[in-house]
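Participant: Task: produce atomic coordinates for the following.
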Amino acid sequence: MKRRGFFGQAPDPEPEAPAPAPNAKAVSTIAQPGGAETASNPASATPRRQGGSTPGLVSAHHRLYASLARGLPAPRVTPRTFSDLLKNVIWPIENALDSPMIEAAAQLSALEALEAGCTTVIDHHASPRAIEGSLTLIAKACTSVGVRVVCSYAASDLRSADNARLGLEESRRFIQSGGRGMIGIDSSATASPETIDLAIGMANELGVGIHAKVAEGIGDAGGGSDLVRRSKDSWVLAHGVHLPDGLEIAGTIAHCPRSNMDRGVGYGMPSRFGPRVALGTDGFGGDLLAEFRVAYGRLRERNVGTSPRLPWSWLEAGWLLVPEARQDRVHWSLADIEPEHLVSNTGIRPLTVIVAGRTVLENGRTTQIDAAEIRAKAAEQSRRLISRL
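Facilitator: Model (predicted):
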């Protein structure tokens, strides 16, 4: 049975699958070394429930620190290529980060994610001058807001081989201390073969996945392909713009269309990789519905017959990466929470968000923290960041 809408033929929505029983075994592509969240809140028994609802959305690739990098002055040298952008904008920002900035950025990013219905973030962090303890700061900041986070440090040999090892050890330390994490690699263009081998060995030892950028720019096409060939189901591989067709990928491609457009790296046509695609925001806030709309627009550029159900399936793939998010609940301001309605309706917002049984957003307001205070702290740290650049 099909119905016709503005966007053409679309199947009737399937009934939502029932949540698994508490003791049912969930298949996750991200290992959980720590304990499950069990927080509760009496308010969650009677939340305001207007409009339609979905599970909590998942950002499959995020850079939480990027929330401080807004309104920065123009770089001294105008970037002409992606490589220029890395050298003159992105890497200087990462090099300037310190602990207060990292904490403030993570809190602000988590707040913005929550306010957009995103309850889980898979973060890929980098702060070469402030590595030790950075993932713990991020995890505590996100928890204070009520957002679930999967952390990794993006190890890189840009500064030195010792710096790369410190990054790997930060991921190991965080995971072994009970944090939920992965082993991070910045990209094969910035990580040496030795660092990549160490990262993969560490991930295998700890029973977790690798979180890495692959073939974001043309200069990483070959190395990105080599890394993909070694991938496992537990891996998250961000971007993949310049990966060749026909490459077998065991992990999940995290598609970040807004970031790819901003950096001028091209369109990766993630549909060519099959169903193992999930949406990430890569530092462009936490609004997965905005990411979904842009992903749909890029698809329609290529094929006007594309249904919004395809990019919506990439949102749903986040629940395979972090199954608990499927049991979170977001109650929206719009009754018809279906791709055909969401793709052109930009005025939608969450009214109530429940994460792991706790109501963390009620009537559009956070319940765990003071949102105005978080924004004020972030503004202060943003000024400090600007002073260092």
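Participant: what's the average pLDDT for the longest helix along the chain?
Facilitator: Looking across the chain with DSSP state H, the single longest helix is helix 371-388. If you average the pLDDT over helix 371-388, you get 96.
Participant: centre of the chain versus that helix, how much separation?
Facilitator: 22 Å (C-alpha atoms, centre = their mean, to the nearest Å).
Participant: What of stretch 254-263?
Facilitator: For stretch 254-263, the distance to the chain centre is 12 Å (C-alpha atoms, centre = their mean).
Participant: how about the CA coordinates for it, as PDB?
Facilitator: Extracted C-alpha coordinates of stretch 254-263, given in PDB (Å, rounded to 0.1, in the frame of the first residue of the first chain):
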ATOM      1  CA  ALA A 254      29.400   8.300   9.300                       C
ATOM      2  CA  HIS A 255      28.100  10.700   6.600                       C
ATOM      3  CA  CYS A 256      28.400  14.400   7.500                       C
ATOM      4  CA  PRO A 257      27.100  16.400   4.500                       C
ATOM      5  CA  ARG A 258      27.100  19.900   6.100                       C
ATOM      6  CA  SER A 259      30.700  19.500   7.100                       C
ATOM      7  CA  ASN A 260      31.700  18.100   3.700                       C
ATOM      8  CA  MET A 261      30.100  21.100   2.000                       C
ATOM      9  CA  ASP A 262      31.700  23.600   4.300                       C
ATOM     10  CA  ARG A 263      35.100  22.200   3.700                       C
END
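Participant: End to end on stretch 326-336, go ahead and measure it.
Facilitator: Length of stretch 326-336, first residue to last, C-alpha to C-alpha, to the nearest Å: 19 Å.
Participant: Check the average confidence over it, would you?
Facilitator: 96.
Participant: Quick one: the helices in the protein, in order.
Facilitator: Using DSSP H, helices in the chain cover 82-85, 91-96, 99-114, 134-145, 161-176, 193-206, 221-229, 257-262, 288-302, 309-316, 318-321, 339-342, 371-388.
Participant: and these, which is most packed in?
Facilitator: Among those, ranked by average contacts under mean count of other C-beta atoms under 10 Å, first place goes to helix 99-114 (a mean of 25). Heads up, the C-betas are built off the backbone N, CA and C, glycines and all.
Participant: Check which helices and strands it is in contact with.
Facilitator: strand 57-62, strand 118-123, helix 134-145, helix 371-388 (3 or more C-beta pairs under 8 Å, 6 or more residues apart in numbering; DSSP states H and E).
Participant: How far off centre is that helix?
Facilitator: That offset, for helix 99-114, works out to 14 Å (C-alpha atoms, centre = their mean).
Participant: how far off strand 57-62 does that helix point, in degrees?
Facilitator: Between helix 99-114 and strand 57-62, the angle comes out at 140 degrees (axes from the mean of the first three to the mean of the last three C-alpha atoms, to 10 degrees).
Participant: Just send the helices of the chain back as CSV, with distance to H124 too.
Facilitator: What follows is the helices of the chain, written out as CSV (distance: least, C-beta to C-beta, whole Å):
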stretch, distance to H124
helix 82-85, 17
helix 91-96, 11
helix 99-114, 12
helix 134-145, 11
helix 161-176, 11
helix 193-206, 13
helix 221-229, 14
helix 257-262, 12
helix 288-302, 16
helix 309-316, 18
helix 318-321, 13
helix 339-342, 26
helix 371-388, 19
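Participant: Among those, which comes closest to I354?
Facilitator: Ranking those by proximity to I354 (C-beta to C-beta) places helix 99-114 first, at 11.2 Å.
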